[in-house]
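In: for reference, the sequence and a predicted model appear below.
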Amino acid sequence: MANNLDIEEALLMSKKLWEKHKDIWWSMQPEHGKTYILYMIEEIGEVISIIKKKGESEIMENTEIRTRFIEEMCDIMMYYSDVLNRFDVSSEEYSEVYRKKFDKNMQRDFKKDHEES
């Protein structure tokens with residue numbers, strides 16, 4: 001495995017894990033995507049809890065806390081990959097749209113966009 005994880009590999013790992021547990025997990029169909037989004041939100045809550053309870057400096061300086069924080073972030077990415085797979089989003093399709101969104105955001109004036117009218 002490469003040191004840097006890419007979208008294609010994350011999607012393949014998601015499918016591999018699902019294949020191992022397909023008898024007890026929800027099918028790889030779009031109607032189950034929302035369930036995995038809810039699981040992802042739960043994991044985001046766990047990340048928030050670490051930030052609130054331990055603080056930024058502990059995440060940056062304490063190896064044990066940092067590992068827990070990264071592990072919870074990985075859980076988010078795993079559920080995110082599960083959602084993409086359930087909606088049959090390919091790594092190429094995702095990458096294309098991501099780059100377009102990035103380019104659009106690079107042209108935006110976020111300060112102006114968020115000024116009160």
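Out: In hand now; what should we look at? Numbering: from 1, shown residues only.
In: which elements pack onto the helix ranked longest in the chain?
Out: With DSSP state H setting the assignment, residue counts place helix 33-61 as the longest helix in the chain. Other helices and strands packing on helix 33-61, by 3 or more Cβ pairs under 8 Å, 6 or more residues apart in numbering; DSSP states H and E, are helix 63-86. Where C-beta positions appear, they are placed from N, C-alpha and C, glycine not excepted.
In: what is the helix it packs on packed up against?
Out: For helix 63-86, the packing partners by 3+ Cβ pairs under 8 Å, 6+ apart come out as helix 7-21, helix 33-61.
In: among these, which comes closest to L84?
Out: Proximity to L84 (Cβ to Cβ) singles out helix 7-21 among those, at 6.2 Å.
In: what about the nearest residue to I7 once chain neighbours are set aside, neighbour count?
Out: The shortest distance from I7 to any non-neighbouring residue, by Cβ to Cβ, 6 or more residues apart in numbering, is to S91 (4.2 Å). The number of residues packed near S91 is 16, by other Cβ atoms under 10 Å.
In: report the contact partners of S91.
Out: Contact analysis of S91 by Cβ atoms under 8 Å, 6 or more residues apart in numbering lists D6, I7, E8, L11.
In: for I59, see how far away the residue nearest the centre of the chain is.
Out: Compute the mean C-alpha point of the chain, and by Cα atoms, centre = their mean the closest residue is M77, 2.9 Å away. As judged by Cβ to Cβ, to the nearest Å, M77 and I59 stand 17 Å apart.
In: cool, I41 as well?
Out: 20 Å.
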